[in-house]
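Colleague: here are the coordinates; sequence isn't available:
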């Protein structure tokens, strides 16, 4: 026979597992939405410029300093 504590623990574990699955599903949906938005606008998800823009910005800074890029 199982003790009442065992059934309570199992029920709690099942609720926790369900909550974690729901949280993961929600976070994946949010990430997909952010990714689609960033692709539409050309912006990076984290708000940081894409690497290509950063490279161009670095080259411009070198040009302004009087050095030739490359």
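Modeller: Now that the structure is in, tell me what you want to look at. Note that the structure is a prediction, hence the values are computed from the model and not measured.

Colleague: can you count the residues close to residue 38?
Modeller: Residue 38 has 15 neighbours, counted by other CB atoms under 10 Å. Just so you know, the C-beta spots here come from the backbone N, C-alpha and C atoms, and that holds for glycine as well.

Colleague: Against residue 32, how distant is it?
Modeller: Per CB to CB, to the nearest Å, residue 38 is found 11 Å from residue 32.

Colleague: the helices in this protein, which residues?
Modeller: All helices of the chain, identified by DSSP state H, fall at 4-41, 51-64.

Colleague: Make TSV out of those helices and add mean pLDDT.
Modeller: As requested, the helices of the chain are exported to TSV (pLDDT from 0 to 100):
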stretch	mean pLDDT
helix 4-41	94
helix 51-64	52
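
Colleague: Local confidence estimate at residue 46?
Modeller: If you check residue 46, the pLDDT there is 58.

Colleague: so how many other residues sit close to residue 19?
Modeller: Neighbour count of residue 19, defined by other CB under 10 Å: 10.
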